[in-house]
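# Sharing a sequence plus its predicted fold:
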Amino acid sequence: MSSDRAHGRGPGKATSFDIAYQAGVSQPTVSRALRGSPRVSEETRKRVLAVAQQLNYKVDKNASNLRFQRSSTLALLIFEDPTSDDSAINPFFVSMLGSITRASAQRGYDLLVSFQQQADDWHEEYEDTRKADGLILLGYGDYLLYRERLERLTEQGTHFVRWGAVQPGQPGLSIGSDNAQGGYEAAGHLIALGRRCLAFIGGASRGCPEFLDRYRGFVRALEDARLTATPELQVDAITTEEAGYAATSELLRRGARFDAVVGASDLIALGAMHALQDHGIEVPAAVAVVGFDDIPAAGFANPPLTTIAQNTRLAGEVLVDTLLRQIRDEHPEGRMLPTRLVVRRSCGASPASAPRPRARAAAALK
């Protein structure tokens, strides 16, 4: 099939789509190759230029200028999450939304916010239709399915950055917290307070890479304290209170002994506390609980929830700056941001009496 027929056109002047078809690349790749973008490999650039010369392709400078005109708008795509209310938005992302909006405005960009379902063809819109110069992605559900969409974005040359686990070999750029260190801090804090049978609630699998990193840090803290992480003390759960409640109830049905719980998110940890209390188990006297995120509800729980805080203000600034560097054809890299332990009463310690980092490390080895 000829390129004209493939695109439903009759014979005429060659276009960048004709070049893309014959060179075996996407149309955005052709556009970048023709303008000498460093994001295109030398081999691909030569192949595109050879096909362009063969087709006697002439750049329409007026159309080119229009095509590469910036919209001065960024698009923030927030993906739905299962929630107990009608918002379908993870409460952690609400504070992130404010920091991204502020960072965009400070850099002279408007922010287009869109709520997306995972099944939508969000990977085919926005930048290609010039709605925005690039995308910021929050939330994803099952990462293994989501990754396929990220690969499509990369192939079509879309500028994008996502909040999530920072891992080698993943498509595109990710900005995220140091989840492994956060998991280590959560477990290490409980161990320093004298807890010895720690349970972890959260999906510790490749489909939940952030939770998996938190679990790995949790396990490392136990190993450093010469304790054992046992499979019966880990239960998968998505990031909802209902899932945390159900997972904790499952732990209790198993008859497993534990004196502390680390929830992979605050919502999971809050659900765990409710389950323990409904079963007549006092928090923190019998079982201490630590979460991850530091959402507003954590401080208003009964008892207030000890948690690992993520720096949402810094996260918004880094997400926006990383995306703008991509748009300028620079070469930014993924980045992990530090976390911070916030001590409240659910762990059995008051903020003033919480062991300092060196004291925690020493206590863990006793």
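Received it, and whenever you're ready, just let me know what you need. Residues are numbered from 1 along each chain as shown.

# Quick check: residue 258 touching residue 196?
No. Between residue 258 and residue 196 there is no contact under CB atoms under 8 Å: 9.3 Å. No exception for glycine: its C-beta is placed from N, CA and C like everyone else's.

# out of the two, which sits in the busier spot?
residue 258 (21 against 14; other CB atoms under 10 Å).

# contacting residues for the more buried one?
Contacts for residue 258 (CB atoms under 8 Å, 6 or more residues apart in numbering) come out as 197-199, 233, 251, 287.

# Show me where this protein has its strands.
Ranges of strands in the chain, per DSSP state E, are 73-79, 110-116, 134-138, 160-163, 173-177, 198-201, 234-235, 260-263, 288-293, 306-310, 335-337, 339-342.

# Show me what the fourth one is packed up against.
The reference is to strand 160-163. strand 134-138, helix 143-155, strand 173-177, helix 312-327 (3 or more CB pairs under 8 Å, 6 or more residues apart in numbering; DSSP states H and E).

# partners of the third one, with directions?
Going back to what we said before, that points to strand 173-177. strand 160-163 (parallel), strand 335-337 (parallel) (DSSP bridges).

# ok, and which of these has the densest surroundings?
strand 160-163 (a mean of 25; mean count of other CB atoms under 10 Å).

# what residues does that strand touch?
With CB under 8 Å, 6+ apart, strand 160-163 has contacts from 96, 127, 134-138, 140, 150, 153, 172-176, 315, 319, 322-323, 326.

# Could you list the low-pLDDT ranges of this structure?
Along the chain, the parts satisfying pLDDT under 70 run over 1-12, 35-39, 58-69, 81-88, 117-130, 141-144, 351-366.

# Which parts of it are helices?
3-6, 16-23, 27-34, 42-54, 61-67, 91-106, 143-155, 179-192, 209-224, 241-254, 266-278, 296-300, 312-327, 357-364 (DSSP state H).

# Residue 73 is nearest to which of those helices?
helix 91-106 (8.8 Å; CB to CB).

# bridging residues for the residue nearest to residue 112 when sequence neighbours are not counted?
Distances taken as CB to CB, 6 or more residues apart in numbering put residue 75 closest to residue 112, at 4.6 Å, once the chain neighbours are dropped. Counting by DSSP bridges, residue 75 forms beta bridges with residue 112, residue 135.

# Surely residue 75 and residue 134 touch.
Yes. Using CB under 8 Å, residue 75 is in contact with residue 134, at 7.3 Å.

# Residue 146 contacts residue 140, correct?
Yes. Contact between residue 146 and residue 140 holds when scored by CB under 8 Å: they sit 4.0 Å apart.

# Please say which of these two ends up with more neighbours.
Ranked by neighbour count (other CB under 10 Å), residue 146 and residue 140 place residue 140 first, with 23 against 19.

# you'd agree the more buried one is up against residue 164?
Yes. Applying CB under 8 Å, one finds residue 140 in contact with residue 164, separated by 6.5 Å.

# Need the overlap of contacts for the two.
Here residue 140 and residue 164 have no joint contacts, going by CB under 8 Å, 6+ apart.

# Out of the helices and strands packed on strand 160-163, flag the one nearest residue 269.
Nearest of these (CB to CB): strand 173-177, 16.2 Å.

# Run through who's touching that closest one.
160-167, 210, 310-311, 315, 318-319, 322, 326, 332-339.

# which among those end up buried?
160-166, 210, 310-311, 315, 318-319, 322, 326, 332, 334-336, 339 (16 or more other CB atoms under 10 Å).

# so residue 309 bridges to which residues?
Going by DSSP bridges, residue 309 forms beta bridges with residue 293, residue 340.

# State the distance from it to residue 96.
13 Å (CB to CB, to the nearest Å).

# neighbour count winner among the two?
Using other CB under 10 Å as the criterion, residue 309 and residue 96 rank with residue 96 on top: 22 against 19.
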